[in-house]
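Enquirer: Got a predicted structure here, sequence first:
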Amino acid sequence: MEEIIAKLEAFIRELCEAEDDPEFGLDINLFDTGFLDSVGAMDVIVFAEETFGVSISQRDLTLYPMNTVHEIAEVVGIKKGLC
Amino acid sequence: MNSVVCLLERAAARWPERIAVTDEQESLTYRELRTAARRAASGLLQAADSTAPVMVYLPKSVQMLIGFHAAMYAGRPYVPTDAAAPAQRLSRILSNLQPSAILTNRRLAEGLQAVDLGGVPVMYVEDLVQGAEDAAAVDAAVARVTDADPVYVMYTSGSTGEPKGVTIPHRGVLLFARWAEKTFGWTCETVIANQAPLYFDVSVMDVYGAIRCGGKLILTPEVLFRFPNKLPEFLRENAVTSIYWVPTVMINIANSGALDDVELPALQSIAFAGEVMPNLQLNVWRRALPGRIFANLYGPTETDVCTAYVVDRAFADGEALPIGRPLPNMKVLLLGEDGAPVKTGETGEICVAGSGVNIGYWNRPDLTERAFTADPRNTAWQERFYRTGDLGWYNAHGELMFAGRRDGQIKLRGNRIELGEVENAGRLLPGAENVCALFDRTRQEIVLFVETAQKEIPLRIARREMRGTLPAYMMPGRIVCMEQLPHNANDKIDRVRLTKWMEEN
């Protein structure tokens, strides 16, 4: 799980140019705070699917909250049978 | 009886057990929707004998559909309201609207605590649908309504920051729903997946088109629109036959490549409106779904859809798509600067008359008078018409082409925004001496120029400050601080210079 979180965090920080932004955090809502929009969100899911070899369906997206780095990582974890 | 609520009366009689509407939590059949709405209407009627509108303050849900119909069954217009609207905006709407009731639920009622309700009663849908139906009272209330009466009031962005209540008559919605059913070949097997918020006029065709034909309305989970590459999968799993989505969503789906991976045999009609649909991405859709109906619809909130173009020929990637011809109950005229109709091929302001046009801005006769004209020089038209502020011209096929705006109004991701409203919110930023909002077309974002001694106002801080006044879709994407904003010879803020600065930086 640690590795999944770290890789997702690094990817999202780079994607929204927040490498050293003090407001960024693993539990902030990436959408409410304006870090991600619809195009960015899609990039994150494509990255997660390709990097971790999982498939996240439209059902998963409505079933699980995926607003924070931790929440996205958890869905990847569930798909990999880690949590 | 000839009001929009007849559509539900008819559907509940013909197709009582078919699913009318479904959201993430629940589904209602036509019979259940009718019963729930008539019970809620009975509660409204019991609380007050009034014809004043009902504010429906709910999230996109089955409950909201109950709310709309409850108001109509009580013989009153409904006012769909953004459940995420800032308190200040709600207060302004309420003071202009003077509603007879606010229909909401317990969970959302907290959001109303910061709003001055001015004594308007707050009622909960979940309670009202448990009450008894007073059939006689409901039937009497419905019988009082004529098709010229207002069915809904929708608030749009106003340039001074004061939202304007567009008021649409029943007959406009009825004729529009009939046109949609015919144009798209809808039946009771039709499945419509909605995208537009229910407080925007784009949703009107989804809602009443579905009820008119006895089809199923799916309130698509909003979260999915963040993941356009997953939307085709949603359409396939739900056997969706019809969509009416904003171009931004259509473009994102086309660009994601997801249309190549999914077969969508059920999807028969694809409509879009609200902003320009580029042929580059439309062609991706047309290649993936040959032989389907594609339709480009046009119309401001004041007219809802007034012209439509059903795509009937090939377009090159960079070519512009027509906005088509007027709907059967609408008339369109292009007027030049001098107020006279322009010659064929020339550009003029798009003016619209017809049964679906705004009755007037709610409680704002001054605004109504400015936006509507009955020009005596124009002998072709005796009736009053609405000046859209949009420009258009007729192509060689006799189809209307869109040619941009006359004023400070912009379209961003399908949302209509007055830059003046953004500027009014910007003036409240701490340390802001003066402001100017411009639209950056290339980056598709609003840029707010602020005259201030501060070197920088971080975007997220500015957004936090403006959250109380501006809805999320109106937020600037960039804040530029300047010691002094440039002025032109008339001592007005020099928008031309700022636009140039914006393009260069």
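Expert: Perfect, thanks for sending it.

Enquirer: Could you list the residues of chain A in contact with chain B?
Expert: A:23, A:31, A:33-34, A:36-39, A:41-42, A:45-46, A:56-59, A:61-62, A:66 (C-beta under 8 Å from any C-beta of the partner chain). All C-beta atoms are positioned from the backbone trio N, CA, C, and that covers glycine.

Enquirer: And the residue nearest the centre of chain A, which helix or strand is it part of?
Expert: Centroid-nearest residue in chain A: A:I72, 4.0 Å away (criterion: C-alpha atoms, centre = their mean). According to DSSP states H and E, A:I72 maps onto helix A:69-79.

Enquirer: And the contacts of that helix?
Expert: A:1, A:4-5, A:8-9, A:12, A:25-27, A:30, A:44, A:48, A:52, A:54-56, A:60, A:64-66, A:83 (C-beta atoms under 8 Å, 6 or more residues apart in numbering or on different chains).

Enquirer: Now which of those residues would you call buried?
Expert: A:4-5, A:8-9, A:12, A:30, A:44, A:48, A:52, A:54, A:56, A:60, A:66 (16 or more other C-beta atoms under 10 Å in any protein chain shown).

Enquirer: got the residues of the stretch 301-450 of chain B near chain A?
Expert: Checking the stretch 301-450 of chain B against chain A by C-beta under 8 Å from any C-beta, there are no hits.

Enquirer: ranges for the helices of the stretch 301-450 of chain B?
Expert: B:365-371, B:419-426 (DSSP state H, counting those that start in this stretch).

Enquirer: do the same with the stretch 1-150 of chain B
Expert: Using DSSP H, counting those that start in this stretch, helices in the stretch 1-150 of chain B cover B:5-14, B:30-47, B:62-73, B:87-97, B:106-109, B:125-128, B:135-143.

Enquirer: How about chain A?
Expert: A:2-15, A:38-52, A:58-63, A:69-79 (DSSP state H).

Enquirer: Just name the most buried of those helices.
Expert: helix A:69-79 (a mean of 20; mean count of other C-beta atoms under 10 Å in any protein chain shown).

Enquirer: ok, for B:P326, nearest residue in space, not its chain neighbours?
Expert: Of all residues not flanking B:P326 in the chain, B:V332 sits nearest, at 4.6 Å (C-beta to C-beta, 6 or more residues apart in numbering or on different chains).

Enquirer: ok, the one you found touching B:L400?
Expert: Yes - proximity of B:V332 to B:L400 meets the contact threshold set by C-beta atoms under 8 Å, at 6.5 Å.

Enquirer: okay, and the common contacts of these two?
Expert: With C-beta under 8 Å, 6+ apart, B:V332 and B:L400 have common neighbours B:T307, B:I350.

Enquirer: Contacts only, for the nearest residue to B:N255 once chain neighbours are set aside.
Expert: Closest residue to B:N255 apart from its sequence neighbours, by C-beta to C-beta, 6+ apart: B:Q281 at 6.7 Å. Applying C-beta under 8 Å, 6+ apart to B:Q281 gives the contacts B:P247, B:M250, B:I251, B:A254, B:N255.

Enquirer: Report the secondary structure state of B:Q281.
Expert: helix (DSSP: H, G, I helix; E, B strand; the rest coil).

Enquirer: So for chain B, which residue is the most central one in space?
Expert: Central residue of chain B (C-alpha atoms, centre = their mean): B:F200, at 2.4 Å.

Enquirer: Validate this expectation: that residue resides in a strand.
Expert: No - using three-state DSSP, the secondary structure at B:F200 is coil, not a strand.

Enquirer: I'd say it and B:M154 touch.
Expert: Yes - applying C-beta under 8 Å as the test, B:F200 and B:M154 come out as touching, 7.3 Å apart.

Enquirer: which residues do the two both contact?
Expert: B:T301.

Enquirer: for chain B, what's the longest strand?
Expert: Criterion DSSP state E: the longest strand present in chain B is strand B:385-394.

Enquirer: In its sheet, which strands sit next to it, and in what direction?
Expert: For strand B:385-394, the paired strands and their directions (DSSP bridges) read strand B:348-354 (antiparallel), strand B:372-373 (antiparallel), strand B:400-405 (antiparallel).

Enquirer: Least confident of those strands, on average?
Expert: Lowest mean pLDDT of the strands paired with strand B:385-394: strand B:372-373, a mean of 76.

Enquirer: where's that one relative to the chain centroid, distance-wise?
Expert: 22 Å (C-alpha atoms, centre = their mean, to the nearest Å).

Enquirer: contacts for that strand?
Expert: Taking C-beta under 8 Å, 6+ apart as the rule, strand B:372-373 contacts B:C351, B:N358, B:G360, B:R384, B:F385, B:Y386, B:R387.

Enquirer: So which of these is the closest to B:V4?
Expert: B:N358 (16.0 Å; C-beta to C-beta).

Enquirer: list the contacts for the closest residue to the closest one other than its chain neighbours?
Expert: Of all residues not flanking B:N358 in the chain, B:E302 sits nearest, at 4.0 Å (C-beta to C-beta, 6+ apart). Counting by C-beta under 8 Å, 6+ apart, B:E302 makes contact with B:V166, B:V352, B:V357, B:N358, B:A371, B:Y386, B:T388.

Enquirer: cutoff 10 Å now
Expert: Residues in contact with B:E302, defined by C-beta atoms under 10 Å, 6 or more residues apart in numbering or on different chains, are B:154, B:156, B:164, B:166-168, B:201, B:352, B:356-361, B:371-372, B:386-389.

Enquirer: Excluding sequence neighbours, find me the nearest residue to the closest residue to chain A within the stretch 1-150 of chain B.
Expert: Nearest residue of the stretch 1-150 of chain B to chain A: B:E24, at 6.1 Å (C-beta to the nearest C-beta). Leaving aside its sequence neighbours, B:E24 sits nearest to B:P221 (C-beta to C-beta, 6+ apart; 5.3 Å).

Enquirer: do B:R387 as well
Expert: B:C351 (5.4 Å).

Enquirer: What of B:F294?
Expert: In space, and not counting its chain neighbours, B:F294 is closest to B:V311: 4.2 Å by C-beta to C-beta, 6+ apart.

Enquirer: No further questions, thank you.
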